[in-house]
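Trainee: the sequence and its predicted three-dimensional model are supplied below.
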Amino acid sequence: MGHQDLAERTRAARSLASIGSAVLPAVTGALASENAVVRASAARTMQFLGKEAKPAAPALMEALADKDPDVRWNSVEALLAAAPDTQGTLPAIQAAIEAEPHNYRPTLFEGLFKAKAAGAERVVVFGRALEIYVGSADDTRRMLRLLVDFGDDARLAMPSLERIVKDPAKQHLHEEVVRIMAMPSISAVPSLVQALGANHAKARERALTALTAALGRPSLTKENVPLLLEAFAVADEAAAKRLVAGLAGVDRESVPSLQEALRHENPRVRLGAVQTLARAGSDAVPALVEALGAAQDSVLRAQAQAALQSMPVSTLPALEQAIPGRPVEVRLAVVAVMREKGLAAVRPLLRIMAGEDEASAAALEALSKICAGQLRTANCGALLEAQADSDPAVRLQALRAYTKLNPGAAAMPALEKAMQDSDDTIRREAFNQVVELASQNGRALSLLENARADKNMEIRRIAVSKSKRIEDLKKRKIRSR
């Protein structure tokens, strides 16, 4: 056991171990020898004895404090082979690793892997040993691959792997570490989020690809929203956009959490949340409309408006429902969105017109763009169609919009429809314009004459009076000829 040649000492240790537990008392005694080589060989023999050396665990624990590094590290490996489940073994080994990160050997990792009796806790020690290991890069990669063989328990080492990914001095390991995090058998999503901040570009790319698949398939769920938001805080702008673009969908139950994130203190999280909401369809419209009013965040407002503009026209009903009660600056932004939606936006724009404020004027301008302000274009027919809406407020604004965009005689199609409306307010509005046109327009005069039979008494009275005056005027013109 005291031979100067390592190979000879190893053969001697194996020979002794082959005898079995009968040699344990003598080998335990050798562990107290004054000769460091003998002590190291005794610890090695106990490693080869395996579980048969378990009674010697207390002596091996003491040997962890030996002044000779070979004795200490042979004792570590002997403890893993002989007594991994003995109370205090793993803490003692981890303390030894922490104290001497430059001295332990790659074989330590294999010993930890084989020490199944120590349970899942050995994976934590394995991870910490990997984190502070200063051996060759090839050895470290080999041990990383060994970690995968722990199966589900490998997740316990993820905190250590996250710290490796954040360490610029270990860039050469980042891609391999992220590859392990992304393996289906591990799929350590929280760790992949942290890996988005890796210094190694390929590691970030691999993490991004894996995260997209993990978070967005088949769709983003409310359980995964916190992880996505954390990813936005870590990732750069380009990565965040790719992450959002890679989502297959956004579950409607995710929307409240995303809406809350619009008020997050981190602007990158707010931006990521609004971009994600753009993928949620009608369910996200109220949240996006709320974001239009973010007074202190012009970028968020612009992104919310862009998100609403990117949505299909099928979301317009939800947008219309989200308008009431909003401040004028929000309604102005909504008008800007709607003016790009074409004919489908006519009805909600008419609702905004009812506000009689700056947004109302903007809505009329948007309708002008949609209708082109020309009676002969098919687009103006949308306003005439709106005069048949079930909501009197919409019908009234449709009349006003049409007559403002098509003044004078060009307004007659809308006035004719309005004079048939069941609502007194709409008929009175139309009637007032008919009165002004009646002396110059035959169609208007005909409407005025018909109004003498209107069910509203005031309209009838004015119609009779105005009709008589126009008739008298006509007679005087005839006599003057």
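Mentor: Received, thanks.
Trainee: only C-alpha atoms for contact and neighbour calcs from this point on.
Mentor: Fine.
Trainee: ranges for the helices of the stretch 301-450 of the chain?
Mentor: Secondary structure of the stretch 301-450 of the chain by DSSP state H, counting those that start in this stretch: the helices cover 316-321, 328-338, 346-353, 358-371, 381-386, 392-405, 412-418, 424-437, 442-450.
Trainee: tell me the most buried of the ones you listed?
Mentor: Of all those, helix 346-353 has the most neighbours on average by mean count of other Cα atoms under 10 Å, namely a mean of 24.
Trainee: quick one, which of the helices of the stretch 301-450 of the chain is nearest to residue 240?
Mentor: Between residue 240 and the helices of the stretch 301-450 of the chain, the tightest spacing by Cα to Cα is seen for helix 328-338, at 24.3 Å.
Trainee: state the distance from residue 316 to residue 372.
Mentor: Note on residue 316: its distance to residue 372, by Cα to Cα, to the nearest Å, is 21 Å.
Trainee: ah, wrong one, I meant residue 331
Mentor: Relative to residue 372, and taking Cα to Cα, residue 331 is found at 22 Å.
Trainee: tell me how far residue 291 lies from residue 80.
Mentor: Computed as Cα to Cα, the residue 291 to residue 80 distance reads 58 Å.
Trainee: swap that for residue 394, sorry
Mentor: Note on residue 394: its distance to residue 80, by Cα to Cα, is 81 Å.
Trainee: what's the answer for residue 316, then?
Mentor: Per Cα to Cα, residue 316 is found 67 Å from residue 80.
Trainee: next: residue 116.
Mentor: 9 Å.
Trainee: again with residue 127
Mentor: Taking Cα to Cα as the measure, residue 127 falls 16 Å from residue 80.
Trainee: again with residue 320
Mentor: Taken as Cα to Cα, the span from residue 320 to residue 80 is 69 Å.
Trainee: same question, residue 151
Mentor: 20 Å.
Trainee: same question, residue 15
Mentor: With distances taken as Cα to Cα, residue 15 is found 20 Å from residue 80.
Trainee: these two - which one has more neighbours?
Mentor: Between residue 15 and residue 80, counting by other Cα atoms under 10 Å, residue 80 is the more crowded of the two (30 against 13).
Trainee: what's in contact with the host helix or strand of the more buried one?
Mentor: Take DSSP states H and E as the rule and residue 80 turns out to sit in helix 69-82. With Cα atoms under 8 Å, 6 or more residues apart in numbering as the test, helix 69-82 has contacts from 36-37, 39-41, 43-44, 46-54, 57, 60-61, 63-66, 89, 93, 103-105, 107-108, 111-112, 114-115.
Trainee: counting neighbours, what do you get for residue 145?
Mentor: That count, for residue 145 with other Cα under 10 Å as the rule, works out to 15.
Trainee: am I right that it is in a strand?
Mentor: No: Residue 145: not assigned to a strand; according to DSSP: H, G, I helix; E, B strand; the rest coil it is helix.
Trainee: check contacts around it.
Mentor: Applying Cα under 8 Å, 6+ apart to residue 145 gives the contacts residue 180.
Trainee: quick check: pLDDT value at it.
Mentor: If you check residue 145, the pLDDT there is 89.
Trainee: same check, this time on the one 3 residues further on
Mentor: Among the per-residue scores, residue 148 holds a pLDDT of 88.
Trainee: roughly how far apart are it and residue 93?
Mentor: 21 Å.
Trainee: what about those two, which has more around it?
Mentor: Comparing residue 148 with residue 93 by other Cα under 10 Å, the one with more neighbours is residue 93, at 26 against 17.
Trainee: residues contacting that one?
Mentor: Residue 93 is in contact with residue 76, counting by Cα under 8 Å, 6+ apart.
Trainee: what helix or strand does it sit in?
Mentor: Using DSSP H and E, residue 93 falls in helix 89-99.
Trainee: so which bits of that helix are buried?
Mentor: The neighbour-count check on helix 89-99 (16 or more other Cα atoms under 10 Å) flags 89-90, 92-94, 96-97 as buried.
Trainee: with pLDDT and distance to residue 434 added, can I get those residues in CSV?
Mentor: Converted to CSV, the buried residues of helix 89-99 look like this (pLDDT from 0 to 100; distance: Cα to Cα, whole Å):
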residue, pLDDT, distance to residue 434
89, 90, 99
90, 91, 95
92, 91, 98
93, 90, 97
94, 90, 94
96, 88, 98
97, 88, 95
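Trainee: what's residue 130 in contact with, if anything?
Mentor: Neighbour list for residue 130: 140, 143-144, 160 [criterion: Cα under 8 Å, 6+ apart].
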